[in-house]
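A.B. asks: here is my input; please provide its structure:
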Amino acid sequence: MGRYTATITSGSLKIPESRRIADLLLRGIAGKDWTRLIVDDNILQAKSPVTARSWAKMIRARLETMKPELWTLVRDGQGTVATHAVFAASVKHSPLLGDFLDLVVADQHRKFAKALSPSLFDNYLTGCRERDLAMPEWNETTRARLRSSVFQMLAQAGYIENTAELTLQPVHVAEQVLRYLRQNHEDYVLRCMQVSL
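C.D. replies: Next comes the predicted model:
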């Protein structure tokens, strides 16, 4: 499998849902108990069992790129701490998101640009193909969903003001998240998250 996949088309950071999945992981819930809580009890409050399974799978895959110490920040952290913890896991899980921060958002900050633009993401995807020949040929619908998901996540984590104007904002990553990333030598994630420095 190549570097870039479409795993983030299902949208946002899903902070409340991530808190619940982090709790299950920290408690060692697995197998039938996991399925019962996700599907039967619908702890993620999804509209259907299929959606519940999909969300749980995606969030678990994100969180499992990191250690339990980060899961604790997701579950117990206040506001920005939980958001930045989920965002850090999302960056590590999806190089498509991480590289956009590292290559495009950082460059826009260096140029003192006021905002991002949809075309920047479209051009970025074209560049991704050159960096990763194994990248799938996504149709326009998938590309639009990826763009929407990335901008939504950037807005939730505070990198842009909103998804309408895409105005860039400086971000001060929560100290507990920075500490975790430094202690665990997550240099790539640190670089991606500190693009406004």
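
A.B. asks: report the residue ranges of every domain in the protein.
C.D. replies: Split into domains by automatic domain parsing, the chain comes to 15-64, 90-193.

A.B. asks: now those domains in a markdown table, with mean pLDDT and distance to His84?
C.D. replies: Where you see a C-beta, it was placed from the backbone N, CA and C, and this is true even at glycine. Converted to a markdown table, the domains of the chain look like this (pLDDT from 0 to 100; distance: least, CB to CB, whole Å):
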| stretch | mean pLDDT | distance to His84 |
| --- | --- | --- |
| domain 15-64 | 96 | 10 |
| domain 90-193 | 94 | 4 |
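
A.B. asks: mind putting those domains in JSON lines, distance to Ala6 included?
C.D. replies: Listed next are those as JSON lines, based on distance: least, CB to CB, whole Å:
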{"stretch": "domain 15-64", "distance to Ala6": "11"}
{"stretch": "domain 90-193", "distance to Ala6": "6"}
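
A.B. asks: using a markdown table, lay out those domains together with mean neighbour count.
C.D. replies: Converted to a markdown table, these look like this (neighbours: other CB atoms under 10 Å):
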| stretch | mean neighbour count |
| --- | --- |
| domain 15-64 | 16 |
| domain 90-193 | 17 |
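
A.B. asks: for these, which one sits closest to Tyr4?
C.D. replies: domain 90-193 (4.5 Å; CB to CB).

A.B. asks: quick one: end-to-end length of that closest one, please.
C.D. replies: 11 Å (CA to CA, to the nearest Å).

A.B. asks: state which helix of this structure is the longest.
C.D. replies: Using DSSP state H to define each element, the chain has its longest helix at helix 140-156.

A.B. asks: dump the C-alpha coordinates for it into PDB.
C.D. replies: Extracted in PDB, the C-alpha atoms of helix 140-156 (Å, rounded to 0.1, in the frame of the first residue of the first chain):
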ATOM      1  CA  GLU A 140     -13.600  14.200  -8.300                       C
ATOM      2  CA  THR A 141     -16.200  13.200  -5.600                       C
ATOM      3  CA  THR A 142     -13.500  11.500  -3.500                       C
ATOM      4  CA  ARG A 143     -11.100  14.400  -4.000                       C
ATOM      5  CA  ALA A 144     -13.800  16.800  -2.900                       C
ATOM      6  CA  ARG A 145     -14.600  14.700   0.200                       C
ATOM      7  CA  LEU A 146     -10.900  14.500   1.100                       C
ATOM      8  CA  ARG A 147     -10.500  18.300   0.800                       C
ATOM      9  CA  SER A 148     -13.600  18.900   2.900                       C
ATOM     10  CA  SER A 149     -12.400  16.400   5.600                       C
ATOM     11  CA  VAL A 150      -8.900  18.000   5.800                       C
ATOM     12  CA  PHE A 151     -10.300  21.500   6.000                       C
ATOM     13  CA  GLN A 152     -12.800  20.500   8.600                       C
ATOM     14  CA  MET A 153     -10.100  18.900  10.800                       C
ATOM     15  CA  LEU A 154      -7.900  22.000  10.400                       C
ATOM     16  CA  ALA A 155     -10.800  24.100  11.500                       C
ATOM     17  CA  GLN A 156     -11.500  21.900  14.500                       C
END
